[in-house]
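Chemist: Pasting the sequence and the predicted model now:
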Amino acid sequence: MKDKINKMNTCDCVYAILSKNCDARYIGTTGRQLKVRIKEHQKDVEDNRTKTFTRSTRKSSLTELNKSAVTDHANIHNHEIDWENTQVLAKETNDNIRLYKEAIAI
């Protein structure tokens, strides 16, 4: 018997990040440990949340695309992201096949 690997230590996977406020979910892929990629998403969302917006800068920020769709969703809709319930949808070591699996999941 092998010990189960914590899902956050999983490498080479397709994953889903859920929104706490709606049914939206972000599908992504990483070749690194999932916890590393999630921390990058969290940092990007937090960095963009700390910006102060006036009415005109908020309007212009809606047309500006950030590093990921998670950040865009959190900023545009002012939603909380459910980092703890990130799901591993598939594991695949082959980069091309992993990208196909990501596309199918999207």
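Modeler: Here it is on my side, so go on.

Chemist: What strands line up against the lengthiest strand in the chain, and which way round?
Modeler: Assignment by DSSP state E gives strand 81-91 as the longest strand of the chain. Strand 81-91 has the following sheet partners, assigned by DSSP bridges: strand 13-19 (antiparallel).

Chemist: residue ranges with poor pLDDT in the chain?
Modeler: Across the chain, the ranges flagged by pLDDT under 70 are 49-67.

Chemist: Of all the residues in the longest strand of the chain, which ones are buried?
Modeler: By neighbour count on 16 or more other C-beta atoms under 10 Å, the buried set for strand 81-91 is 81, 83, 86, 89, 90. In this view, the C-beta of every residue, glycine as well, is placed from N, C-alpha and C.

Chemist: contact partners of it?
Modeler: For strand 81-91, the surrounding residues in contact (C-beta atoms under 8 Å, 6 or more residues apart in numbering) are 7-8, 10, 12-20, 27, 34, 38, 41-42, 45, 70, 73-74, 98, 101, 105.
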